[in-house]
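Chemist: quick one, fold the following:
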Amino acid sequence: MSEAQLQAQCHLWAWNTYPKLRRMFFAIPNSAKRSFVEGAMMKATGTVAGVADYILVNGLSYLFIEFKTTKGKLSESQELFKQV
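Modeler: Numbers count the residues shown, from 1 in each chain. Here you go, the predicted structure:
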């Protein structure tokens, strides 16, 4: 199973299990390969390397979730984000 498939399964579970929170959890599309121009535009508009894949926001509380397979490993920028 890929990380994207794992994330999709978890999202579907959360969507169906917590319908009142459906607009409070969402993906952060940060990991796809992009062209130089598109990457520069994303960086200029606030995209930050290493930010987790998924976030749950509930009032002033939040939870960041990074999806990894058993073979997956955090990148250096993900390790730095985890320390914030």
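Chemist: ok, and what's touching stretch 75-84?
Modeler: With contacts defined as CB atoms under 8 Å, 6 or more residues apart in numbering, stretch 75-84 is touched by Val48, Ala49, Gly50, Val51, Ala52, Phe64, Glu66, Leu74. Quick note: C-beta positions are derived from backbone N, CA and C, even for glycine.
Chemist: how near is the second one to Asn30?
Modeler: Between Ala49 and Asn30 the computed distance is 7 Å (CB to CB, to the nearest Å).
Chemist: and the contacts of stretch 75-84, which are buried?
Modeler: For the contacts of stretch 75-84, a neighbour count by 16 or more other CB atoms under 10 Å gives the buried set as Gly50, Val51, Ala52, Glu66.
Chemist: for the first one, give me its contacts.
Modeler: Taking CB under 8 Å, 6+ apart, we find Gly50 in contact with Ser75, Glu76, Ser77, Gln78, Glu79, Leu80, Phe81.
Chemist: assign a three-state SS to it, would you?
Modeler: Here Gly50 is recorded as coil under DSSP: H, G, I helix; E, B strand; the rest coil.
Chemist: please apply the same query to the one 5 residues further on.
Modeler: Secondary structure for Ile55, judged by three-state DSSP, is strand.
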